[in-house]
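Chemist: please work out how this folds:
(chains A and B)
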Amino acid sequence: MRYSAFSIFRNGLSGQKNWQRAWRAAEPKPTYDVIIVGGGGHGLSTAFYLAENHGIRNVAVLEKGYIGGGNVGRNTTVIRSNYLLDGNTQFYEFSVKLWEGLSQALNFNVMFSQRGQIVTAHSADQLDAFSHRANIMRLNGIDADILDRDEVRRLVPYLDFSDTARFPIHGAILQGRAGTARHDAVAWGYARAADGHGVDIIQNCEVTGFVRDGDRIVGVETSKGRIGAGKVGLAVAGHTSVLGRKAGLELPIESHVLQAFVTEPLKPLVDHVVAYGADHFYVSQSDKGGLVFGGNLDGYNSYAQRGNLGVVREVSEAAIALMPCISRVRLLRHWGGVMDMTPDASPIICPTPIDGLYLNGGWCYGGFKATPASGWCFAHTLATGTPHPLIAAYRLDRFRTGRTLDEAGVGPSAWLQ
Amino acid sequence: MLRIECPCCGPRDHDEFRYGGDASVARPAHDDPDPEAWYRYVYVRNNPAGPHREFWQHVSGCRQWLIVERDTRNHTIASVGFARKMTRKVPA
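Modeler: Numbers count the residues shown, from 1 in each chain, chains lettered A, B, ... in the order given. This next block holds a predicted model:
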């Protein structure tokens, strides 16, 4: 069933009783051309683009839990392409362009809202660095604007512009095409669109091992039995090390927990995505009115999808330093997601040294915005066996060969970020 | 909150400590010419979902470096000891 204004009208007349399931509850077939491990945003988008762009429809997505239960449903939904380094800049801009047409491509409203992202600068030097970034972005055809203090004040008057601000605002960098999307809709939209192409989405199916023929991986062992595969793609960020080890991969990854927060609903206040340049805090307002915000990692290896109170305090302190007006707003919920942290804070998407196994992981804290481009490029890599040009820099061997992309500059220790 | 039983100061909130990462990684000898050994030392981590030996420094207390064995799935701490007594000898 195609979703349209007419279908809403017609189903309204029949008491909303005739909507079909968005995707089938598939049971595994004995073998597939491609198996994607991980039914998050990246796995589902990979499956969709395998079918849509490459005509490979005999595909299964195996998810150990339920669709949307992992990081695709746990992030803070920010989408932007204000990256500095070659390799990142072009990839994330390609992703924003895919976001711009995504609701139409999927026939599912992902509620992509290009409300603009503002990152505040708190010294002349920081504003210089932002100008450098903005120039690089513009040279790559990406929109970027540098704002002075008065312009920032006109756009976001609720920030602390007082004389007592601990870190006074000097200016900001603005990307007007950045924004947010409804994260669950992204998972459901890709799942539905992939299913429409014949992809089997198999939930509650945990991959417990790999089936080998000599050196080649020819299938997976799962909680629903053995399933054969021509190629296997891993898209299990957070647990890439766990599954990688089962396949015999040694990876430069640590798993860390990142928290996100939402306040009680407020009347419209924050029209943009605002990020604090003097600390790690960023905020947007959801359509329900809650302020959705996040900050730093908890800072120690963790596979627990919950965070600690110390970070709640740190992030709240940063929030109040930037926006004193929300000091009395109550926190409604906070939750955690498990991140693959790579030493340079950039992802890994590539064929692996193991025949038949392809890797998409290491998304650190930036995976959501990359969902369409990641799937597009990973599908290309799986279909052709060679990396898509846009992900050429995201090789697994870049650490061994010294070609790291340290966009965040966190160095080899994720906990030092 | 994690509570770490510091062998010097007693049980303390983990906010008093600084995390130091995987304690099972061994540094190659200073004059080791093999880049692969240095690559593994700097970058490769076992990253288990389960018991993990890791460094913590009690920066707001005795300032000792500790080795904590903690389960990364539920933060249960099995053991804490002074790092200087528990680390492997660095190869000469």
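
Chemist: residues from the stretch 151-300 of chain A in reach of chain B?
Modeler: Proximity of the stretch 151-300 of chain A to chain B is confined to A:239, A:241-242, A:245, A:250-255, A:299-300 under the rule CB under 8 Å from any CB of the partner chain. C-beta: built from backbone N, CA, C; applies to glycine.

Chemist: quick check: buried residues in stretch A:294-307?
Modeler: By 16 or more other CB atoms under 10 Å in any protein chain shown, the buried positions in stretch A:294-307 come out as A:294-305, A:307.

Chemist: residue boundaries of the helices in chain A?
Modeler: Taking DSSP state H as the test, the helices found in chain A are A:5-13, A:41-54, A:88-100, A:102-106, A:124-139, A:149-155, A:183-196, A:240-247, A:309-322, A:371-384, A:398-401.

Chemist: just chain B next, same as before
Modeler: Under DSSP H, chain B gives helices at B:35-42, B:83-86.

Chemist: against which helices or strands is the last one packed?
Modeler: Packed against helix B:83-86 by the contact rule (3 or more CB pairs under 8 Å, 6 or more residues apart in numbering or on different chains; DSSP states H and E) you find strand B:65-71.

Chemist: what comes into contact with the strand it packs on?
Modeler: Residues outside strand B:65-71 that contact it (CB atoms under 8 Å, 6 or more residues apart in numbering or on different chains): A:300, B:2, B:4, B:6-7, B:17, B:20, B:23, B:50-58, B:76-84, B:86-87.

Chemist: tell me the most buried of the helices of chain A?
Modeler: helix A:41-54 (a mean of 28; mean count of other CB atoms under 10 Å in any protein chain shown).

Chemist: how distant is that helix from the center of its chain?
Modeler: Remark: helix A:41-54 is offset 15 Å from the chain centroid, using CA atoms, centre = their mean, to the nearest Å.

Chemist: tell me which strands and helices that helix is in contact with?
Modeler: strand A:31-37, strand A:59-62, helix A:183-196, strand A:357-361, helix A:371-384.

Chemist: how about residue 48, what does it touch?
Modeler: Using chain A here. Applying CB under 8 Å, 6+ apart, we find A:Phe48 in contact with A:106, A:190, A:193-194, A:197, A:199, A:375, A:379.

Chemist: please refer instead to chain B.
Modeler: A:241, B:72.

Chemist: go again with 7 Å.
Modeler: For B:Pro48, the contact set (CB atoms under 7 Å, 6 or more residues apart in numbering or on different chains) comprises B:Thr72.

Chemist: give me the number of residues near residue 75?
Modeler: Defaulting to chain A. 24 (other CB atoms under 10 Å in any protein chain shown).

Chemist: I was after chain B.
Modeler: 17.

Chemist: same question for the one 5 residues further on.
Modeler: B:Val80: 17 surrounding residues under other CB under 10 Å.

Chemist: in the sheet, who's paired with it?
Modeler: Beta-bridge partners for B:Val80, by DSSP bridges, are B:Val68.

Chemist: what's the most centrally placed residue in chain B in contact with, if anything?
Modeler: Taking CA atoms, centre = their mean as the criterion, B:Phe55 is the residue nearest the geometric centre of chain B, at 2.0 Å. B:Phe55 is in contact with B:20-21, B:23, B:65, B:67, B:83, counting by CB under 7 Å, 6+ apart.

Chemist: pLDDT value on it, please?
Modeler: With respect to pLDDT, B:Phe55 scores 96.

Chemist: what bridges to it?
Modeler: Applying DSSP bridges, one finds that B:Phe55 bridges with B:Gly21, B:Ile67.

Chemist: ok, it to chain A distance?
Modeler: Separation of B:Phe55 from chain A (CB to the nearest CB, to the nearest Å) stands at 10 Å.

Chemist: can I get the buried residues of stretch A:294-307 in JSON lines with pLDDT?
Modeler: Output for those, formatted as JSON lines (pLDDT from 0 to 100):
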{"residue": "A:Gly294", "pLDDT": "95"}
{"residue": "A:Gly295", "pLDDT": "92"}
{"residue": "A:Asn296", "pLDDT": "90"}
{"residue": "A:Leu297", "pLDDT": "91"}
{"residue": "A:Asp298", "pLDDT": "91"}
{"residue": "A:Gly299", "pLDDT": "90"}
{"residue": "A:Tyr300", "pLDDT": "94"}
{"residue": "A:Asn301", "pLDDT": "95"}
{"residue": "A:Ser302", "pLDDT": "95"}
{"residue": "A:Tyr303", "pLDDT": "96"}
{"residue": "A:Ala304", "pLDDT": "93"}
{"residue": "A:Gln305", "pLDDT": "88"}
{"residue": "A:Gly307", "pLDDT": "89"}
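
Chemist: which pair in these has the greatest spatial separation?
Modeler: Farthest-apart pair in the buried residues of stretch A:294-307 is A:Gly295 and A:Tyr303; separation 20.2 Å (CB to CB).

Chemist: could you check how many residues crowd around the closest residue to A:Asp355 other than its chain neighbours?
Modeler: Excluding the flanking residues, the one nearest A:Asp355 by CB to CB, 6 or more residues apart in numbering or on different chains is A:Arg216, at 4.1 Å. Using other CB under 10 Å, A:Arg216 has 12 neighbouring residues.

Chemist: swap in B:Glu36?
Modeler: 11.

Chemist: over to the one 4 residues further on?
Modeler: The number of residues packed around B:Arg40, counting by other CB under 10 Å, is 17.

Chemist: per-residue pLDDT, the residue nearest to it when sequence neighbours are not counted?
Modeler: Using CB to CB, 6+ apart and skipping residues adjacent in sequence, the residue nearest B:Arg40 is A:Glu250, 7.6 Å away. Note for A:Glu250: predicted pLDDT of 93.

Chemist: same check on A:Pro412?
Modeler: A:Pro412 is given a pLDDT of 60.

Chemist: same question for the one 5 residues further on.
Modeler: Confidence per residue is given as pLDDT, and for A:Gln417 that number is 55.

Chemist: same question for B:Arg84.
Modeler: For B:Arg84, pLDDT reads 88.

Chemist: next up, the contacts around the closest residue to A:Leu106 other than its chain neighbours.
Modeler: With sequence-adjacent residues excluded and distances taken as CB to CB, 6+ apart, A:Leu106 is closest to A:Gly189, at 4.1 Å. By CB under 7 Å, 6+ apart, the contact list for A:Gly189 reads A:106, A:108, A:110.

Chemist: just A:Gly238 next, same as before
Modeler: A:70-71, A:255, A:337-340.

Chemist: try A:Met137
Modeler: By CB under 7 Å, 6+ apart, the neighbours of A:Met137 are A:82, A:89, A:144.

Chemist: number of nearby residues for the last one?
Modeler: By other CB under 10 Å, 22 other residues sit near A:Ala144.

Chemist: burial of B:Ala29, as a residue count?
Modeler: For B:Ala29, using other CB under 10 Å, the count is 12.
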